[in-house]
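K.L.:
3D, please:
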Amino acid sequence: MQKFCQSCGMPMSKDPKGGGTEVDGSKSDQFCSLCYQEGAFFNPDFSAREMQEFCVQQMKKQGMNGLLAWLLTRGIPKLARWRV
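P.N.:
Sure thing, here's the model as predicted:
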């Protein structure tokens, strides 16, 4: 089963560092290295909507079609980080 970052939705298999890190340096099995390092989120004040907008912009910078990027981010509010 494919695992996805529970903050941004990126497939964990695409994470260049293989996952974020916890405070003790161990790998996080829930969050990618682009969202989470040393037990903290890079953008702790983001809302789910702000994360969606940020991810769409990042994917467009990498050459992805804007509509496809938008579609791929629709599930972000359902991820574990945002279900609080």
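
K.L.:
And the helices in this structure?
P.N.:
In the chain, the segments counted as helices under DSSP state H are 48-61, 66-72.

K.L.:
packing partners for the last one?
P.N.:
What that stands for is helix 66-72. On a contact count with 3 or more CB pairs under 8 Å, 6 or more residues apart in numbering; DSSP states H and E, helix 66-72 meets helix 48-61. No exception for glycine: its C-beta is placed from N, CA and C like everyone else's.

K.L.:
Report how many residues lie close to Gly39.
P.N.:
Gly39 has 14 neighbours, counted by other CB atoms under 10 Å.

K.L.:
for it, what are its contacts?
P.N.:
By CB atoms under 8 Å, 6 or more residues apart in numbering, the contact set of Gly39 is 21-23.

K.L.:
tell me the most buried of the helices of the chain?
P.N.:
Mean neighbour count (mean count of other CB atoms under 10 Å) peaks for helix 48-61 among the helices of the chain, with a mean of 16.

K.L.:
Got a PyMOL select line for the buried ones in the contacts of Gly39?
P.N.:
Buried members of the contacts of Gly39, defined by 16 or more other CB atoms under 10 Å, are picked up in PyMOL with:
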select buried, resi 21+22
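
K.L.:
any chance of the helices of the chain in JSON lines, plus distance to Arg81?
P.N.:
Converted to JSON lines, the helices of the chain look like this (distance: least, CB to CB, whole Å):
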{"stretch": "helix 48-61", "distance to Arg81": "8"}
{"stretch": "helix 66-72", "distance to Arg81": "17"}
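
K.L.:
which one of the ones you listed lies closest to Lys27?
P.N.:
helix 48-61 (21.3 Å; CB to CB).

K.L.:
same for the closest one, what does it pack against?
P.N.:
Counting contacts by 3+ CB pairs under 8 Å, 6+ apart, helix 48-61 packs against helix 66-72.

K.L.:
what comes into contact with the helix it packs on?
P.N.:
Contact with helix 66-72 is made by 9, 55-56, 59-60, as judged by CB under 8 Å, 6+ apart.

K.L.:
try 10 Å this time
P.N.:
With CB atoms under 10 Å, 6 or more residues apart in numbering as the test, helix 66-72 has contacts from 9-10, 52-53, 55-62, 64-65.

K.L.:
is it possible to export the residues you listed to CSV including distance to Leu71 and pLDDT?
P.N.:
What follows is those, written out as CSV (distance: CB to CB, whole Å; pLDDT from 0 to 100):
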residue, distance to Leu71, pLDDT
Gly9, 11, 96
Met10, 14, 95
Gln52, 11, 97
Glu53, 14, 97
Cys55, 11, 97
Val56, 10, 97
Gln57, 15, 96
Gln58, 15, 94
Met59, 10, 95
Lys60, 13, 97
Lys61, 17, 96
Gln62, 15, 94
Met64, 10, 96
Asn65, 9, 97
